[in-house]
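Participant: Just need the structure, nothing else, for what follows:
(chains A and B)
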Amino acid sequence: MASSSAVRKAVNLPPTVRALPSGIPSAPRLNLATRAPSDGHHGHGPTLRSDTPSRFTGGLKTTPAGPVYKTVVSPPAANLYQQRHIHTSAVAKDAPEVPDYSAYRPQSDSNNRALSYFMVGSLGVLSASAAKSTLTGFLETMAASADVLAMAKTEVELASIPEGKNVVIKWRGKPVFIRHRTPEEIEEARSVNWKSLRDPQPDEARVKKPEWLVMLGVCTHLGCVPIGEAGDYGGWFCPCHGSHYDISGRARKGPAPLNLEIPPYELNEGDNKLVIG
Amino acid sequence: MAFADAFYNTIVKRNSVFVPAIFAGAFAFNMGFDIAISQFWDHWNRGRQWKDIRGRYIQDADES
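Facilitator: Numbers count the residues shown, from 1 in each chain, chains lettered A, B, ... in the order given. Have a look, this model is predicted:
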């Protein structure tokens, strides 16, 4: 049928010229059901295609001039035919959908979306709240317990301190100076240009009520206890290294670098009591 | 519908708003939950706590 000297480098399939009524290209001789030859790497060898032409019909041969494909007969490409259904678009419904899901579908997409995100947010709120409670629970175990805090407080009856007098009490092992200041002393403490001091601090920041000055009686230099109503500024004087504090407890002279420290305290107006700590 | 869209557009749409809103909500929920539980506790144990019966003993101490 074919000439024996035909050397074919490539095979051209004719283009499809006709389409089936379903839109599928008509390729009646093309067998799409056959399996491609496997390369035998899964433990099973290459399988022969069922539509492989027999050896006598021709085949590829290597000659000194190069590979030559010799065709003796032209067998039909395939002896199997199968209609291929290719989906290209949405399925046309020609019958009502069974079962009917419309009762379960959301009536409103925006309501559905808002509800979904609301549930997500609610879970976030609950988790964050639980995490915060857990964390604060752990941190509270590090805080001092109520009995320790109660023991660490000191109460002072303010009515027993006359104006212009100092009282030294012990609070957590340290002396605390309480001074009932006279109006002149308050005036003196507030008239000082505090911005020029070594540790600039206004008198208003050091007292809760101007007549009551409460501060830790430990010299900020090396920790001696200053002497009250002494020194060049009418306040406190540290005998160890000669630091002078004024009537507001601020370092004015000598080696002290800082003002006398103010402990945390509460002035109880009703009971006229001072609670330090 | 309008409320759902408003909720989505104002809070959920941006994560930079959604996450702080969740934290703020957690803070508010925590406080509200604490208050509600404390009130329920006080209501359940009313008349038995020191703050309920303090008036009797403090008055007695003042009189004597």
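
Participant: what ranges of chain B fall below the confidence cut-off?
Facilitator: B:60-64 (pLDDT under 70).

Participant: same thing but 50
Facilitator: B:63-64 (pLDDT under 50).

Participant: Show me where it has its helices.
Facilitator: Remark: helices assigned in chain B by DSSP state H are B:2-7, B:15-44, B:50-63.

Participant: got those helices as a markdown table, with mean neighbour count columns?
Facilitator: (C-beta placed from N, C-alpha, C; glycine too.) Listed next are the helices of chain B as a markdown table, based on neighbours: other CB atoms under 10 Å in any protein chain shown:
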| stretch | mean neighbour count |
| --- | --- |
| helix B:2-7 | 13 |
| helix B:15-44 | 12 |
| helix B:50-63 | 9 |
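
Participant: Output the ones you listed as a markdown table; include the columns distance to chain A.
Facilitator: Converted to a markdown table, those look like this (distance: least, CB to the nearest CB, whole Å):
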| stretch | distance to chain A |
| --- | --- |
| helix B:2-7 | 3 |
| helix B:15-44 | 4 |
| helix B:50-63 | 12 |
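
Participant: Can I get those helices in CSV including distance to residue A:239?
Facilitator: Formatted as CSV, those follow (distance: least, CB to CB, whole Å):
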stretch, distance to residue A:239
helix B:2-7, 72
helix B:15-44, 53
helix B:50-63, 45
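
Participant: just so I know, which of the ones you listed lies nearest residue A:174?
Facilitator: helix B:50-63 (32.4 Å; CB to CB).

Participant: Mind giving me the packing neighbours of the closest one?
Facilitator: Packing partners of helix B:50-63 (3 or more CB pairs under 8 Å, 6 or more residues apart in numbering or on different chains; DSSP states H and E): none among the helices and strands.

Participant: Pull the distance from it to the chain's centre.
Facilitator: 29 Å (CA atoms, centre = their mean, to the nearest Å).

Participant: Show me which residues of the stretch 1-150 of chain A sit near chain B.
Facilitator: A:108, A:110-111, A:113-115, A:117-118, A:121, A:124-126, A:128-129, A:132-133 (CB under 8 Å from any CB of the partner chain).

Participant: Mind doing that once more with 6 Å?
Facilitator: A:108, A:110, A:111, A:114, A:117, A:121, A:124, A:125, A:128, A:129 (CB under 6 Å from any CB of the partner chain).

Participant: now residue A:158: how far from residue A:263?
Facilitator: Between residue A:158 and residue A:263 the distance is 15 Å, computed by CB to CB, to the nearest Å.

Participant: Repeat that for residue A:19.
Facilitator: 97 Å.

Participant: Counting neighbours, go ahead and name the busier of the two.
Facilitator: residue A:263 (14 against 10; other CB atoms under 10 Å in any protein chain shown).

Participant: The more buried one reaches residue A:216, doesn't it?
Facilitator: Yes - Residue A:263 lies in contact with residue A:216 (CB atoms under 6 Å); the separation is 5.4 Å.

Participant: Would you confirm that residue A:60 belongs to a strand?
Facilitator: Yes - according to DSSP: H, G, I helix; E, B strand; the rest coil, the state of residue A:60 is that of a strand.

Participant: Name the nearest residue to it, ignoring sequence neighbours.
Facilitator: Leaving aside its chain neighbours, residue A:60 sits nearest to residue A:69 (5.1 Å; criterion: CB to CB, 6 or more residues apart in numbering or on different chains).

Participant: Tell me the predicted confidence for that neighbour.
Facilitator: We note a pLDDT of 79 for residue A:69 in this prediction.

Participant: and the gap between it and residue A:29?
Facilitator: In terms of CB to CB, residue A:69 sits 20 Å off from residue A:29.

Participant: neighbour-wise, which of those two wins?
Facilitator: A count of neighbours by other CB under 10 Å puts residue A:69 above the other of residue A:69 and residue A:29, at 14 against 11.

Participant: Tell me if I am right that the more buried one is in a strand.
Facilitator: Yes - applying three-state DSSP, one finds residue A:69 inside a strand.

Participant: thinking it is in contact with residue A:59, fair?
Facilitator: No - under the criterion of CB under 6 Å, residue A:69 makes no contact with residue A:59, lying 7.1 Å away.

Participant: Spatially central residue in chain B, please.
Facilitator: Residue closest to the average C-alpha location in chain B (CA atoms, centre = their mean): residue B:32, at 2.3 Å.

Participant: List the residues that contact it.
Facilitator: Neighbour list for residue B:32: empty [criterion: CB atoms under 6 Å, 6 or more residues apart in numbering or on different chains].
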